[in-house]
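got a sequence here, can you build the structure:
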Amino acid sequence: MTTTDSESLRAAADERRGRNGGSRKDPGRRERIARAAIGVVAERGIEKVTHRAVAAAAGVPLGSTTYHFATLDDLLAMALRQAAQDNVAELREWAEGMDSGVDLPAVLTDLVLRYLGPERERTVVEHELYVAALHRPALRSASTEWDAALRDLFTAYTDEVSGKMLAAVFCGLLWQGVVREPLPDRDEIEMIFRRAIGGNCSG
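Residues are numbered from 1 along each chain as shown. Okay, the predicted model is just below:
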């Protein structure tokens, strides 16, 4: 056993022994670790995520990450769920702030341009986590949950079939935008949304 392995085991044991008292003092630790993992993905890329790097970013002992997340896939799955929850919560807040007679294609265009402009880095990280599900089965349920939440959000403004289509268009534009140079212009994006929505918007 290496010194690093021994340190990890001791840290995990210390975490288990202190769990009853420590978790009450720091109930948000699991979420903080997940958010730190998102930050590490942003900084280093998903292939360089380690328990040690995430523990350092979260400001917790190494044993905390291995206690809460036995494998890196477990940790990345939680990071993906956290990113999805944050994203969907933000979208719901955005939707609740819209007027009933809003021009939906126009505001969706604004949203896409925001995610590909000022919030591009976060969008890239979220997509890195999402695409990791291709080779990491543990992440697939989290990616599916994200898809379902987006579909439900858009369905609230159209009908079921149109909501599914709109979610696919929205995600497709973001996928293209994070790798495409130059970015699609506003007129192009808005035209796509108008064609997709057609007369199905419920206002």
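
what are the contacting residues of stretch 132-144?
If you take C-beta atoms under 8 Å, 6 or more residues apart in numbering as the criterion, stretch 132-144 is touched by I46, T71, D73, D74, L76, A77, M78, L80, R81, A84, L129, Y130. Quick note: C-beta positions are derived from backbone N, CA and C, even for glycine.

for the record, mean pLDDT for the lengthiest helix in the chain?
Longest helix of the chain, by residue count under DSSP state H: helix 72-96. For helix 72-96, mean pLDDT is 88.

list of residues touching it?
30-31, 33-35, 37-38, 41, 46, 49-51, 54, 65, 68-69, 111, 125-126, 129-130, 132-133, 136, 138-139, 141-143, 145-146, 149-150, 153, 156-157.

show me which of the residues you listed are buried.
Using 16 or more other C-beta atoms under 10 Å as the burial test, the contacts of helix 72-96 include 30, 33-35, 37-38, 41, 46, 49, 51, 54, 65, 68-69, 111, 125-126, 129-130, 132-133, 136, 138-139, 142-143, 146, 149-150, 153, 157 as buried.

now, which of those residues lie within helices?
Counting by DSSP H, these place 30, 33-35, 37-38, 41, 51, 54, 65, 68, 111, 125-126, 129-130, 142-143, 146, 149-150, 153 in helices.

which residue is the nearest non-sequential neighbour of the residue most central in space within the chain?
The centre of the chain sits closest to A83, judged by C-alpha atoms, centre = their mean, with a distance of 2.5 Å. Excluding its sequence neighbours, the residue lying closest to A83 (C-beta to C-beta, 6 or more residues apart in numbering) is E126, at 4.9 Å.

check contacts around that neighbour.
E126 makes contact with A83, A84, N87, according to C-beta under 8 Å, 6+ apart.

quick check: the second one vs D99, distance?
Spelled out, it's A84. 27 Å (C-beta to C-beta, to the nearest Å).

so between these two, which is more surrounded?
A count of neighbours by other C-beta atoms under 10 Å puts A84 above the other of A84 and D99, at 22 against 8.

the strand or helix carrying R114 - contacts with which helices or strands?
Per DSSP states H and E, R114 falls inside helix 104-116. If contacts are counted by 3 or more C-beta pairs under 8 Å, 6 or more residues apart in numbering; DSSP states H and E, helix 104-116 sits against helix 120-131, helix 160-179, helix 186-197.
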